[in-house]
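[1] have a look at this prediction, sequence included:
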2 protein chains.
Amino acid sequence: MRLPLNQRIAILLHEGTAGTQGKTGLSLLRYSEAPIVAVIDRECAGKSLPEITGIKRDVPIVTSVAASLEYKPQVLVIGIAPKGGAVPDDYWHEIKDALEAGMSLVNGLHTPLATMPELNALLKPGQLIWDVRKEPPNIGVASGLARTLPCRRVLTVGTDMAIGKMSTSLEMHWASRLRGWRSKFLATGQTGVMLEGDGIALDAVRVDFAAGAVEQMLMRYGKNYDIVHVEGQGSLLHPGSTATLPLIRGSQPTQLILVHRVGQTHNRNNPHVPIPPLPEVIRLYETVASAAGAFAPVRVVAIALNTAHLDELAAKEAIAQTTQQTGLPCTDAVRFDANVLLDAVMKN
Amino acid sequence: MRLPLNQRIAILLHEGTAGTQGKTGLSLLRYSEAPIVAVIDRECAGKSLPEITGIKRDVPIVTSVAASLEYKPQVLVIGIAPKGGAVPDDYWHEIKDALEAGMSLVNGLHTPLATMPELNALLKPGQLIWDVRKEPPNIGVASGLARTLPCRRVLTVGTDMAIGKMSTSLEMHWASRLRGWRSKFLATGQTGVMLEGDGIALDAVRVDFAAGAVEQMLMRYGKNYDIVHVEGQGSLLHPGSTATLPLIRGSQPTQLILVHRVGQTHNRNNPHVPIPPLPEVIRLYETVASAAGAFAPVRVVAIALNTAHLDELAAKEAIAQTTQQTGLPCTDAVRFDANVLLDAVMKN
């Protein structure tokens, strides 16, 4: 399944447009080619989306699903991605309003909605509920098989969650296509899956099968592409994160790109956890990827810097400083483009 | 729930008594205090369990569930733990025979059996099906909270799967009790959960909640004990393993014990994956545990060597060599006792 490109989409984003929990919705606004006709956020209703978010897309922000109906939406996408991934209490009546109004529902939260009798009872023919965060069927335990693929496998890793790993992988994918390469973006989170139409929501997979699910995806696509951009998840520096390890094991990356937000010194959700200096972080990821020699050595070949909160001059200074600190090529692929990163991948 | 200590147990172990897939059943035979009255394995029927396995427990091996009935079993435990954890085709009729004969069923495989209508239809009052490998309810994302506990938290880590991490943690736990300490064994796999009656089957937990499930267990027990022995899972050197990272993050260990089988040079299920020299493996685990400085430094303080395949003289030589190679205290806690390991924990 994929976010339909021919249907009018409303994004349910209460408290998410200006806050930190709206990652899914904001990424769709930034990257989806589908027609998004309304953002639903009582906090920001009536305000300008480009002014609040910097996203250059002219979409009205309204107070409720009911208020969005004047824009004739056909699909409601739940756009928040809160820690733990449960449906907030005040979202339920909005979901029901949307189903009653004939809309389909795309759900990236952990709570399964497609099997809920109460919601199913509201569906009419042609109306669907898509739970994106589901473990794929027929997965097994990984064996490291992806290392036998001839393609480059580029994995984004990070100093924290929610700092731009998906965006960096997407930008590298698009830049790869512009160069004429056979390039594939492998989605590993719910937003990526909505955008790309395939992939896995890795955080919904059971621990025993996590690396296997990644490996299976690599084996399905890897043979037909020159370069595969694997969307990173989590961080080895985050106390609650597990997803980075099965991504490394399952994809057997040939190159790593380290993503970091300029100036961030601590884990955002856990301020008692510091982010070590970048050269130490690089060493950590390279050590885990090679597992002390159990696997082939893998290098962090470039830094993708998130400079969204800086003006352009400050961003360029931060990029220069990061190159000096790490000895590696560096850019902000979202702000500028991904060619610096691709050049580094091709050199290594 | 716990494996009942007052009920007569039969272990379903076709192809598992002499092979490599019978880990759960063999561990129960080695460690459970429950009365085990029959092992069911058509391959080894009629032979001597102590001779095949070295386990000093006089239990008859029979060809089928039907043949086990003369020993009046009340509970059937599925004793194999194959890669991927599915029910083998030829196990189904045995499971049905057991339920029809009035036995309860303990299932450590991934396939959920308790909700299967076909099996439920066979249950009479008092008969139960316990699926051990289930995600616990009400779990969230970890925050590193276990680091605030005053107790020692000792985690076993390994150079491969199935080499003795659970056994080492159990031996350390029992030895701790003999020293008069308030000690807790925290089970993280299906066999440990059957033995201990609590804990989590970590490999059935979704990636997003894996570290959180471990943290929650630590916070439930950690305050009431001097020392907590956390059963290790998987290996950072295994291409299919994901469980080690959430164990490290969720339990925030104060000491690590590295478990290794003497002479093993490659991953058993993936012979293309070498095991690096132990000093490199130690560095890997210490690097991940401290995450380059995001968390407190944690040391591997001793090596637990699995010498089951050697005679006693060769075992002692291997232990001496390992100490020389790593500079760390070393013993085989199952063969001798765990005091060398406990002394190392207390010194660090």
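    Right, received. Where do you want to start? Residues are numbered from 1 along each chain as shown, chains lettered A, B, ... in the order given.
[2] what sits against the spatially most central residue of chain A?
    Chain A has A:Met166 as the residue nearest its centroid, 3.9 Å off, counting by CA atoms, centre = their mean. By CB atoms under 8 Å, 6 or more residues apart in numbering or on different chains, A:Met166 lies in contact with A:Ser27, A:Thr156, A:Ala187, A:Gly189, A:Thr191, A:Gly192, A:Glu231, A:Gly232. Glycine gets a C-beta too; all of them are placed from N, C-alpha and C.
[3] between these, which has the most around it?
    A:Gly232 (31 neighbours; other CB atoms under 10 Å in any protein chain shown).
[4] helix, strand or coil for that one?
    Reduced to three states with DSSP: H, G, I helix; E, B strand; the rest coil, the structure at A:Gly232 is coil.
[5] isn't it up against A:Ser251?
    No. At 9.8 Å, A:Gly232 and A:Ser251 do not qualify as touching, with contact defined as CB atoms under 8 Å.
[6] common neighbours of those two, please.
    Residues touching both A:Gly232 and A:Ser251 comprise A:Leu155, with contact defined as CB under 8 Å, 6+ apart.
[7] coming back round to it: just to be sure, the residue nearest to the centre of chain A is in a helix?
    Yes. Counting by three-state DSSP, one finds A:Met166 located in a helix.
[8] roughly how far does it sit from A:Lys72?
    Separation of A:Met166 from A:Lys72 (CB to CB, to the nearest Å) stands at 29 Å.
[9] and A:Val298, by the same measure?
    Noted for A:Val298: a distance of 49 Å to A:Lys72, by CB to CB.
[10] who has more neighbours, the two?
    Between A:Val298 and A:Lys72, counted using other CB under 10 Å, the more crowded position is A:Val298 (22 against 12).
[11] dump the residue contacts of the more buried one.
    Residues A:Pro253, A:Thr254, A:Gln255, A:Leu256, A:Glu286, A:Ala289, A:Ser290 are the ones in contact with A:Val298 under the rule CB under 8 Å, 6+ apart.
[12] so which of the residues you listed sit within strands?
    Members of the contacts of A:Val298 lying in strands (criterion: DSSP state E): A:Gln255, A:Leu256.
[13] returning to what we had before: filter the contacts of A:Met166 down to the ones in helices?
    Filtering those for membership in helices, criterion DSSP state H, returns A:Ser27, A:Thr191, A:Gly192.
[14] for chain A, what spans make up the helices?
    Assignment of helices within chain A using DSSP H yields the ranges A:23-31, A:49-53, A:65-68, A:92-100, A:117-120, A:165-178, A:190-196, A:210-221, A:244-251, A:278-290, A:312-326, A:339-347.
[15] most tightly packed of these?
    Ranked by mean neighbour count, the helices of chain A are led by helix A:244-251 with a mean of 28 (mean count of other CB atoms under 10 Å in any protein chain shown).
[16] now the angle from that one to helix A:165-178?
    When axes from the mean of the first three to the mean of the last three CA atoms, to 10 degrees is applied, the directions of helix A:244-251 and helix A:165-178 differ by 30 degrees.
[17] got the end-to-end distance for stretch A:212-228?
    17 Å (CA to CA, to the nearest Å).
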